[in-house]
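Asker: this is the structure alone, sequence omitted:
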């Protein structure tokens, strides 16, 4: 028969009590057949002395999952098909790009399904921008209820990097596809932020996206993450 | 003309080239038609600065400021 020992600590002076709850049931707590430290609701799981091994964490925690990624060089458009599925309700698309063009570059986003771009007049959106040096106010220069794309960034300067962070909600469902974006670029020699939101006014289920520019080409990478509300 | 499809760089088909160019042309024509509005937005003083000018200099001075911007970027 194995034995159970309760051992005090010669250096400490506190009294540790094993207390029963207010219950009429008989219970048995089985100790694990291994050495370790018990975690409580107050434990700091970020310390190495008391942490849950990552190998023991399973199931969904509501985090994001990488769905797709790619790179592009000298591209006039960047697109991906069959990436929005019923597995995830929400997606976040990152695009990091350098641009090469003779003048300012405008970017637009459209949805795709079955290998075709949806160019119907169902893209509703508005966008605002701030140029850190030239504009002290938030400007809402573009938008409308019946456009053929979401015009997401205006006048990005040549030879500067631009970062797109685009959230898409319900693209693969028959609910309205909602989108919002934060884009960090450059305009007239200064850092420029553009934020916007929009909706595709149909209940079409989309499986892809396409980024277009109005001149020149783009070079960079993209990553797409999916996530569900936990 | 190159396009990126699912992470792969490929030559655009003639149909895709036509579609891309048509989209570019439509966008650039639309942008040119509203360029005066964009120029005016960038040239106007901020709302706070305009209110400050009205407070200190009056409506007529503010009208002159706005009129100067409109004259610099006339509506086509």
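Answerer: Here it is on my side, so go on. Please read these numbers as outputs of a predicted model, since none were measured by experiment.
Asker: which positions in chain B make contact with chain A?
Answerer: When proximity is defined by C-beta under 8 Å from any C-beta of the partner chain, chain B lies next to chain A at B:1-9, B:12, B:16, B:19-20, B:23-24, B:27-28, B:31, B:37-38, B:41-42, B:46-49. C-beta: built from backbone N, CA, C; applies to glycine.
Asker: make a ChimeraX selection of the buried ones in these.
Answerer: To isolate the buried ones among those in ChimeraX, judged by 16 or more other C-beta atoms under 10 Å in any protein chain shown, type:
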select /B:3,4,5,12,16,19,20,23,24,27,31,38,41,42
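Asker: partners of residue A:75 in the sheet?
Answerer: With DSSP bridges as the criterion, residue A:75 is bridged to residue A:218.
Asker: quick check: residue A:191 touching residue A:134?
Answerer: No. Look at residue A:191 against residue A:134 with C-beta atoms under 8 Å: they stay out of range, at 10.3 Å.
Asker: for chain B, what is the nearest residue in chain A?
Answerer: residue A:70 (2.6 Å; C-beta to the nearest C-beta).
Asker: which bits of chain A sit near chain B?
Answerer: Within chain A, the positions near chain B by C-beta under 8 Å from any C-beta are A:68-82, A:106, A:108, A:117, A:119, A:134-137, A:139, A:141, A:149, A:151, A:154, A:212, A:214-215, A:217.
Asker: for PyMOL, what selects the buried ones among those residues?
Answerer: Buried residues among these (16+ other C-beta under 10 Å), as a PyMOL selection:
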select buried, chain A and resi 68+70+72+75+76+77+78+79+80+81+106+108+117+135+139+141+149+151+154+212+214+215+217
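Asker: chain center to the one helix or strand residue A:96 maps to: distance?
Answerer: Using DSSP states H and E, residue A:96 maps to strand A:90-100. In terms of C-alpha atoms, centre = their mean, to the nearest Å, the centre of strand A:90-100 is found 11 Å from the chain centre.
Asker: return the list of strands paired to it, each annotated with direction.
Answerer: strand A:161-169 (antiparallel), strand A:217-227 (antiparallel).
Asker: am I right that residue B:17 sits in a helix?
Answerer: Yes. Assessed with DSSP: H, G, I helix; E, B strand; the rest coil, residue B:17 lies in a helix.
Asker: what about the helices in chain B?
Answerer: B:14-33, B:35-43, B:47-57, B:59-72 (DSSP state H).
Asker: ok, now which ones touch residue 75?
Answerer: No chain in the question, so chain A it is. Going by C-beta atoms under 8 Å, 6 or more residues apart in numbering or on different chains, residue A:75 touches A:217-219, B:2-4, B:9.
Asker: my bad, the chain I had in mind was chain B
Answerer: Counted by C-beta under 8 Å, 6+ apart, residue B:75 has contacts residue B:36.
Asker: try residue A:126
Answerer: By C-beta under 8 Å, 6+ apart, the neighbours of residue A:126 are A:140, A:142-144, A:196-198.
Asker: so what's the residue most central in space within chain A closest to, chain neighbours aside?
Answerer: In chain A, the C-alpha nearest the mean C-alpha coordinate belongs to residue A:92, at 3.6 Å (C-alpha atoms, centre = their mean). Spatially, and ignoring its direct neighbours in sequence, residue A:92 is nearest to residue A:225 (4.8 Å; C-beta to C-beta, 6 or more residues apart in numbering or on different chains).
Asker: who does that neighbour bridge with?
Answerer: Under the criterion used (DSSP bridges), residue A:225 bridges to residue A:66, residue A:92.
Asker: wait, doesn't it sit right on residue A:90?
Answerer: No. Contact between residue A:225 and residue A:90 fails when scored by C-beta under 8 Å: they sit 9.0 Å apart.
Asker: A helix includes residue A:31, no?
Answerer: No. Counting by three-state DSSP, one finds residue A:31 to be coil, located in no helix.
Asker: burial count for it?
Answerer: 9 (other C-beta atoms under 10 Å in any protein chain shown).
Asker: nearest to residue A:64, out of the strands paired with strand A:90-100?
Answerer: strand A:217-227 (4.0 Å; C-beta to C-beta).
Asker: could you give me the buried positions within the strand holding residue A:96?
Answerer: A:90-91, A:93, A:95-97, A:99.
Asker: check stretch B:59-74 too.
Answerer: Result for stretch B:59-74 [16+ other C-beta under 10 Å]: buried residues B:62, B:65, B:73.
Asker: fine by me, we can end here.
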